[in-house]
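Novice: coords below, sequence missing:
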């Protein structure tokens, strides 16, 4: 039981890092893109990359939630 709790805690920390890293990437990409005058197409591509990171984090959160639900049964 403790091994499973430790695993879920580690996975939660990784998920938090993915969310924070994606947010920092997204903000920096927008700031740098505005400074250097990148095209809207390039900036939209970076927005899609950030969106993919957030979707991945949601999927990881769902996996953690499902694992905790299975533990309660």
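Specialist: Structure received. Worth saying up front: this structure is predicted, and the values here are computed from it rather than measured.
Novice: what sits against residue 67?
Specialist: When contacts are counted by CB atoms under 8 Å, 6 or more residues apart in numbering, residue 67 touches 4, 8. All C-beta atoms are positioned from the backbone trio N, CA, C, and that covers glycine.
Novice: the chain: helices as residue ranges?
Specialist: Remark: helices assigned in the chain by DSSP state H are 2-36, 40-72.
Novice: possible to save the ones you listed as CSV with mean pLDDT?
Specialist: Shown next, in CSV, are the helices of the chain (pLDDT from 0 to 100):
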stretch, mean pLDDT
helix 2-36, 96
helix 40-72, 95
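Novice: surely residue 47 is in contact with residue 25?
Specialist: No - contact criterion CB atoms under 8 Å: residue 47 and residue 25 do not qualify, at 10.6 Å.
Novice: which residue sits closest to residue 38, ignoring its sequence neighbours?
Specialist: residue 32 (7.7 Å; CB to CB, 6 or more residues apart in numbering).
Novice: what is the neighbour count of that neighbour?
Specialist: Using other CB atoms under 10 Å, residue 32 has 12 neighbouring residues.
Novice: mind checking how far it is from residue 24?
Specialist: Distance, residue 32 to residue 24, using CB to CB, to the nearest Å: 12 Å.
Novice: quick one on the thing from earlier: shared neighbours of residue 47 and residue 25, anything?
Specialist: Common neighbours of residue 47 and residue 25 (CB under 8 Å, 6+ apart) do not exist.
Novice: now do the end-to-end distance for stretch 35-45.
Specialist: Length of stretch 35-45, first residue to last, CA to CA, to the nearest Å: 17 Å.
Novice: now that stretch: buried residues?
Specialist: Across stretch 35-45, burial judged by 16 or more other CB atoms under 10 Å covers residue 38.
Novice: same thing with stretch 2-10?
Specialist: Here stretch 2-10 shows residue 8 as buried, counting by 16+ other CB under 10 Å.
Novice: right, I'll leave it there.
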